[in-house]
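1. build me a structure from this.
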Amino acid sequence: MATEMGIFYQLFECSPDGIVVVDGQGRITQVNAATVRMFGFTRDELTGKPVEILIPARFGDRHVGHRDKYLAERKLRPMGACLDLCARRKDGSEFPVAIMLSPIESETPPMVLAVVRDITEQKRAEERVREAMRRELHLKEIHRKEIHHRVKNNLQVISSLLFLKSTFVDDPAMQEILTQSQSQIKTIALIHEKLYRSDDVEQMDFTEYVRDLVADVLRTYVGRHERVNVHTEIAAVRVGVDTAIPCGLIINELVSNVLKHAFAPGTAGDLWLSLRPAGEGRYELSVRDNGRGFPPGFDWRESKSLGLKLVADLARQLDGELQVRSEGGATFRVLFTEAHYPERG
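-> Model prediction:
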């Protein structure tokens, strides 16, 4: 027995971790040499004192709660419990510790043996890893912003080149093609500009984008829309580039089509643009006007219009479908599955 006690005492004293024995009332009965080194108290300064002497006051209640709960449940958890706490040295400085609580069943009333490990270096290493990850994410965000910025600049250059070429073309049909191509490129450039300026380089505020896009389309067709009133109703959504580009191009094409063909020269009219939930995880993008509509017997599926073919193809890119109706004007509806992110609070 004496030999066993001697071995236990050697293990107790030579442990690199602090060991604190606490009675059922929370008083320290024994500490080892590592505890003395770790906390800066002498054995006499700790023996008989409440264990809270080693815990900052703001964590005292938490520690007592853990200890009492553990003592009440020790028979259910004979292997002990692990806690991460903040400890306090004699000089008042604080440091993080990991504590393993184990019962001493031979004592009556029961006592608790707490093995205390200073995890300051571990916490510093974890913070270094977190900081490295934050820097990496920050660099990635900067890189993505730079990509969006460069793409936007390059597209704007292409748009300017198309505009310059259109000034040397006398054929009205060719000028129209160049103008429409320029508008489509500016639509995509605006998406990359919004993503570049967004706090989240992967998503953008679609409501703001649509407002700016429609204004840009109106400027493109200046002289054709002075008496056309535009009404927008866009649900608050944030979208990624894979959704923004086809939606933006659809809006560009349909709004341009209204401005070019829906109203007789000099007549007034209205254009409604909306994006709203359609149920079952789907959304509805709608462009409607009260203009002259389509001629009798018109079937858009048989139409040779490149614009309508483009809109149908873009709708398929969104895993959606295009619906066209001509009653008191023309209505285009694109129903597509939810491919956006809800606005985050």
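
2. C-alpha only now, for contacts and for neighbours.
-> Will do.

3. what number of residues lie near residue 45?
-> The number of residues packed near residue 45 is 12, by other C-alpha atoms under 10 Å.

4. need the three-state assignment for it.
-> helix (DSSP: H, G, I helix; E, B strand; the rest coil).

5. with residue 288 instead?
-> Three-state call for residue 288 (three-state DSSP): strand.

6. can you check the one 3 residues further on too?
-> Secondary structure, three-state DSSP: residue 291 is coil.

7. domain assignment for the protein?
-> Listed by automatic domain parsing, the domain ranges of the chain are 2-118, 203-345.

8. what's the closest of these to residue 151?
-> The closest of the domains of the chain to residue 151 is domain 203-345. By C-alpha to C-alpha, the value is 12.5 Å.

9. over the closest one, what's the mean pLDDT, rounded is fine.
-> Taken as a whole, domain 203-345 carries a mean pLDDT of 78.

10. rewinding a little: in CSV: the domains of the chain, plus distance to residue 158.
-> As requested, the domains of the chain are arranged in CSV below (distance: least, C-alpha to C-alpha, whole Å):
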stretch, distance to residue 158
domain 2-118, 59
domain 203-345, 16
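
11. list just the one of those that sits closest to residue 184.
-> Nearest of the domains of the chain (C-alpha to C-alpha): domain 203-345, 6.4 Å.

12. so which helix or strand takes in residue 243?
-> Residue 243 belongs to helix 241-257 when assigned by DSSP states H and E.

13. now that helix: buried residues?
-> 241, 243-256 (16 or more other C-alpha atoms under 10 Å).

14. swap in stretch 263-278?
-> Of all the residues in stretch 263-278, those buried under the rule 16+ other C-alpha under 10 Å are 263, 269, 270, 271, 272, 273, 274, 275, 276, 277.

15. ok, which stretches of the protein are strands?
-> According to DSSP state E, the chain carries its strands in the segments 18-22, 28-31, 81-88, 94-104, 111-118, 204-205, 228-234, 237-239, 269-279, 282-289, 321-325, 331-337, 341-342.

16. in TSV: the ones you listed, plus distance to residue 305.
-> Shown next, in TSV, are the strands of the chain (distance: least, C-alpha to C-alpha, whole Å):
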stretch	distance to residue 305
strand 18-22	82
strand 28-31	88
strand 81-88	69
strand 94-104	71
strand 111-118	74
strand 204-205	31
strand 228-234	23
strand 237-239	29
strand 269-279	21
strand 282-289	17
strand 321-325	14
strand 331-337	15
strand 341-342	33
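
17. nearest to residue 165, out of those?
-> Smallest distance to residue 165 across the strands of the chain (C-alpha to C-alpha): 28.9 Å, for strand 228-234.

18. ok, residues contacting stretch 156-171?
-> Stretch 156-171 is contacted from outside by 174, 175, 178, 179, 181, 182, 183, 185, 186, 189, using C-alpha atoms under 8 Å, 6 or more residues apart in numbering.

19. just stretch 241-251 next, same as before
-> Residues from elsewhere that reach stretch 241-251 (C-alpha under 8 Å, 6+ apart): 184, 187-188, 191, 202-203, 206, 210, 213, 287, 310-311, 314-315, 317-318, 339-340.

20. narrow those to those in helices?
-> Taking DSSP state H, the ones among the contacts of stretch 241-251 that sit in helices are 184, 187, 188, 191, 206, 210, 213, 310, 311, 314, 315, 317.

21. got the contact list for the second one?
-> Contacts for residue 187 (C-alpha under 8 Å, 6+ apart) come out as 213, 245, 248, 249, 252.

22. that older thread, out of the contacts of stretch 156-171, which are buried?
-> So, by 16+ other C-alpha under 10 Å, the buried ones in the contacts of stretch 156-171 are 175, 178, 179, 181, 182, 183, 185, 186, 189.

23. residues contacting the fourth one?
-> Taking C-alpha under 8 Å, 6+ apart as the definition of contact, the neighbours of residue 181 are 159, 162.

24. look up how far residue 52 lies from it.
-> With the distance defined as C-alpha to C-alpha, to the nearest Å, residue 181 ends up 75 Å from residue 52.

25. now do the last one
-> Relative to residue 52, residue 189 is positioned 63 Å away (C-alpha to C-alpha).

26. do the same with the first one
-> For residue 175, the distance to residue 52 (C-alpha to C-alpha) stands at 84 Å.

27. again, but for the third one
-> Per C-alpha to C-alpha, residue 179 is found 78 Å from residue 52.

28. over to the fifth one?
-> Counting by C-alpha to C-alpha, the gap between residue 182 and residue 52 amounts to 73 Å.

29. the second one now?
-> Distance of residue 178 to residue 52, computed by C-alpha to C-alpha: 79 Å.

30. quick one: residue 18 and residue 117 touch, right?
-> Yes: Residue 18 lies in contact with residue 117 (C-alpha atoms under 8 Å); the separation is 6.3 Å.

31. so for those two, which sits in the more crowded spot?
-> Counted by other C-alpha under 10 Å, residue 18 and residue 117 do not tie: residue 18 has more neighbours, with 23 against 19.

32. okay, and the beta partners of the more buried one?
-> In this structure, residue 18 bridges to residue 116 when assessed by DSSP bridges.
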